[in-house]
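> pasting the structure only:
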């Protein structure tokens, strides 16, 4: 459990939508023996002294929770409704077993609308029972709090899709910004992140991409925000962990599944 005024962030997954290894691919990264090149779909688990929540529940969410021995999730936050970020939604069930236990679900109004279309059963109190997922929509339209963590939505674009990143603060200090899927960050969003301790950002590959940041773009955000440390996530099989890490500055690191950060 984190100490007072701290956050613990566990990378449940750091991969792109296909996961690594990609089915049927025999490239050097997909066949690598380096465990850091085994990447499940991107998601994080956040713990503070008073709460425990996840951001996104991709198709690998169940196995990620088992791997990390996660016993408590008190809320789920969503960045956007693409399948690689939501298809483990029903695996939130064990965290709200019991007749009166519900699961707060945070996301933009547009994201929640699509979640309710796909998983309508979970949001319908008439269909709830003690062992089903009992989801309660919590629209994100501005800063909000989950116990001792203050969260500020970070609006970005991911191709033509609006995506919500999250700025996390404990005792008013901005500790982490999480932006797993983005291509363009508006100036007002950059301003919100300036001075954050830890930046976690999309870095799909070296070459430009039409919906994701490449390495050059991710590093430009780091230069604009000036965090103490930057972690690259949502990585494709175009990026070998060791090779990428060897070419980076000391304050920029490549995330991997199971990595834990303690921020104070």
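Everything's here; your move. Everything numeric here is computed off the predicted structure, so don't read it as measured data.
> contacting residues for the most centrally placed residue in the chain?
For the chain, residue 43 is the residue whose C-alpha lies nearest the centre (Cα atoms, centre = their mean; 3.9 Å). Under the criterion of Cβ atoms under 8 Å, 6 or more residues apart in numbering, the contact partners of residue 43 comprise 11-13, 54-58, 60-61, 64, 85, 88. Glycine gets a C-beta too; all of them are placed from N, C-alpha and C.
> which one of the residues you listed has the most neighbours?
Among the contacts of residue 43, the one with the most neighbours (other Cβ atoms under 10 Å) is residue 13, at 31 neighbours.
> Got the phi and psi for that one?
Dihedral angles of residue 13 (phi, psi; degrees, to the nearest 10) stand at phi -150, psi 150.
> my guess is it contacts residue 60, does it?
Yes: Residue 13 is within contact range of residue 60, at 5.7 Å (criterion: Cβ atoms under 8 Å).
> List the residues that are in contact with both of the two.
In contact with both residue 13 and residue 60: 19, 40-41, 43, using Cβ under 8 Å, 6+ apart.
> Pull out the buried residues from the helix or strand containing residue 223.
Element membership for residue 223, per DSSP states H and E: helix 215-225. Judged by neighbour count using 16 or more other Cβ atoms under 10 Å, the buried positions of helix 215-225 are 215, 217-219, 221-222, 225.
> Show me which pair in those is furthest apart.
Spatially, the most separated pair among the buried residues of helix 215-225 is 215 and 225, at 15.8 Å (Cβ to Cβ).
> on that earlier part again, ok, the buried residues of helix 215-225 vs residue 234, which is closest?
residue 218 (9.7 Å).
> so who does the closest one touch?
When contacts are counted by Cβ under 8 Å, 6+ apart, residue 218 touches 201-203, 230, 232.
> same thing but at 7 Å, please
Residue 218 makes contact with 201-203, 232 under the criterion Cβ atoms under 7 Å, 6 or more residues apart in numbering.
> can you check residue 108 too?
Contacts were defined as Cβ under 7 Å, 6+ apart; by that measure residue 108 touches 140, 162, 164.
> Please compute how far the helix or strand that residue 67 is a member of lies from its chain's middle.
Here residue 67, judged by DSSP H and E, is contained in helix 61-68. Mean C-alpha position of helix 61-68 versus that of the full chain (Cα atoms, centre = their mean, to the nearest Å) differs by 14 Å.
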